[in-house]
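Participant: structure, please.
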Amino acid sequence: MLNYIHDIPTRIFFGEGQIEQLAAILQPLGKKVLLCYGGGSIKENGLYDTVMNILNKGGFEVSELSGIEPNPRIGSVERGVKICHEKDIDVLLAVGGGSTIDCAKAVAAGVYYENDLWDMVTSEHDLLKALPLVDILTLSATGSEFDPAAVISNPETKEKLGNVYTYPTASICDPTYTFSVSAYQTAAGSADIMSHVCEEYFSRTMDSDLSEGMAETVLRSVMKNCPLAIQEPENYNARANLMACASIACSGVLSYGKESSGWPCHAMEHELSAYYDITHGVGLAILTPRWMRLILKKDPTTTPRFAKFARNVMGLTGDDESKLAFAGIDALEKYFISTGIPMNLQDLNIGTEHFEEMAVHANRGGRLDASYVPLSQEDVVAIYNDCL
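Facilitator: Now for the predicted structure:
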């Protein structure tokens with residue numbers, strides 16, 4: 001088990017009715033609020049009106065950054081920073097899923113960034129000086145409500161890049177705000193959660209019992225509660241468990257004492273989203289079983305890890321470790337299919353035309369050399385082809 005240092009400064013207000021805390025949360029942070037949201041679903045489900053009533057009663061001065069994309073773009077970040085400067089914003093309030101929160105993180109840091117904002121996205125840096133950010137979560141998926149990272153896209157350069165900006169000061173996580181999430185987005189969000197766990201679980205470190213056990217529990221919980229939430233959209237316990245799992249999955253807790261895996265599936269999926277603007281969780285679900293099969297064949301020393309996954313997560317038994325390892329991957333793929341996720345790139349109208357350049361981008365700087373099993377550009381192309 002390796003050494004680790006961990007600090008999560010975000011306060012989570014979890015459960016039904018926690019929006020009652022919003023005014024008190026914002027009050028010490030300032031009166032001028034930039035309300036950030038996406039395509040307008042919060043207006044359809046009434047959450048926008050609820051938030052505005054609280055802000056108006058609290059005497060807050062509200063500006064808006066709306067229309068944030070599902071894969072948030074640098075243009076939205078630029079718009080937000082401009083509003084912050086023009087309106088002398090004190091605090092950002094992001095209402096939505098991970099994309100909205102990601103954009104708000106980049107805006108909060110971009111206010112103080114002196115160079116070009118795309119340079120902020122592409123350059124290496126740690127946490128940045130930023131305006132305070134509060135969020136109200138409406139989708140269980142990315143874990144952005146509990147971490148400092150954000151992923152921003154640039155359609156002109158066909159890049160989608162993750163970086164570290166700022167932690168939310170506070171996150172309001174009310175599972176009832178996910179009742180209206182469609183079956184498709186519920187399945188995609190759950191696949192995103194599972195991918196975050198797998199990116200940490202598939203590590204060379206095998207003796208970190210705490211993080212291993214928590215990771216397996218989160219995976220089993222998601223596979224139990226995602227189908228329930230799809231069948232019964234207003235099942236509070238199912239939605240609550242998915243929301244709690246989303247927060248913990250990307251918080252760093254599940255990597256305690258473990259060697260990094262390099263997050264290869266995210267590197268490959270970011271290319272799919274950058275080129276084709278697909279739903280992130282869907283891309284991850286398509287890629288993950290194919291990545292698993294390739295690395296298991298390429299490096300048989302990973303067999304004990306995959307066999308453990310098959311036993312402890314997928315509930316399989318057997319004495320033949322190799323057969324068990326592959327059976328676990330097959331079971332995972334069947335689970336994704338059962339939730340209604342398309343499991344082939346062709347179903348998303350994606351062909352081979354950009355695979356070579358996508359592989360180059362995914363492995364920029366040799367980042368995949370440090371993966372759980374190192375991946376060459378040829379390996380990445382092979383995985384993409386296997387996803388067709």
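Participant: wait, G262 touches L368, no?
Facilitator: Yes: contact between G262 and L368 holds when scored by Cβ atoms under 8 Å: they sit 6.5 Å apart. Glycine gets a C-beta too; all of them are placed from N, C-alpha and C.
Participant: now stretch 12-22: mean pLDDT?
Facilitator: Averaging pLDDT along stretch 12-22 yields 98.
Participant: alpha carbons of that stretch, as PDB, please.
Facilitator: Extracted C-alpha coordinates of stretch 12-22, given in PDB (Å, rounded to 0.1, in the frame of the first residue of the first chain):
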ATOM      1  CA  ILE A  12     -21.600  18.400   0.600                       C
ATOM      2  CA  PHE A  13     -25.200  19.100   1.500                       C
ATOM      3  CA  PHE A  14     -26.900  15.800   0.700                       C
ATOM      4  CA  GLY A  15     -30.500  14.900   0.600                       C
ATOM      5  CA  GLU A  16     -34.000  16.100  -0.100                       C
ATOM      6  CA  GLY A  17     -34.700  19.700   0.700                       C
ATOM      7  CA  GLN A  18     -31.100  20.800   1.200                       C
ATOM      8  CA  ILE A  19     -31.600  23.700  -1.200                       C
ATOM      9  CA  GLU A  20     -33.000  25.500   1.900                       C
ATOM     10  CA  GLN A  21     -29.400  26.000   2.800                       C
ATOM     11  CA  LEU A  22     -28.600  27.900  -0.400                       C
END
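Participant: in the protein, where's the longest helix?
Facilitator: helix 209-231 (DSSP state H).
Participant: ok, residues contacting whatever helix or strand comes next after it?
Facilitator: Next in sequence after helix 209-231, counting helices and strands by DSSP states H and E, comes helix 236-249. Helix 236-249 has contacts (Cβ atoms under 8 Å, 6 or more residues apart in numbering) with 12, 14-16, 137, 140-143, 145-146, 171, 173, 175-176, 178-179, 186, 189-190, 192-194, 196-197, 214, 218, 221-222, 224-226, 228-229, 232, 254.
Participant: may I see the buried residues of helix 236-249?
Facilitator: Neighbour counts over helix 236-249 (16 or more other Cβ atoms under 10 Å) mark A238, R239, A240, N241, L242, M243, A244, C245, A246, S247, I248, A249 as buried.
Participant: let me know the angle separating it from helix 209-231.
Facilitator: On the basis of axes from the mean of the first three to the mean of the last three Cα atoms, to 10 degrees, helix 236-249 is oriented at 140 degrees to helix 209-231.
Participant: tell me the mean pLDDT for helix 236-249?
Facilitator: For helix 236-249, the mean pLDDT works out to 98.
Participant: before we move on, what about stretch 115-126?
Facilitator: Across stretch 115-126, the per-residue pLDDT values average to 96.
Participant: residues in contact with that stretch?
Facilitator: The set of residues external to stretch 115-126 that reach it, using Cβ under 8 Å, 6+ apart, is 74, 77-78, 81, 106, 109-110, 113, 128, 152, 154, 159, 161, 163-164.
Participant: and the contacts of helix 236-249, which are buried?
Facilitator: The neighbour-count test (16+ other Cβ under 10 Å) applied to the contacts of helix 236-249 identifies 12, 14, 137, 140-143, 145-146, 171, 173, 175-176, 178-179, 186, 189-190, 192-194, 196-197, 214, 218, 221-222, 225-226, 228-229, 254 as buried.
Participant: from those, which ones fall inside strands?
Facilitator: I12, F14, L137, S171, C173 (DSSP state E).
Participant: hmm, the first one is touching G143, no?
Facilitator: Read that as I12. No: assessed by Cβ under 8 Å, I12 is found out of contact with G143, at 11.3 Å.
Participant: mind listing the strands for the stretch 1-150 of the chain?
Facilitator: 11-14, 32-36, 61-65, 91-96, 133-137, 149-154 (DSSP state E, counting those that start in this stretch).
Participant: good, wrapping up.
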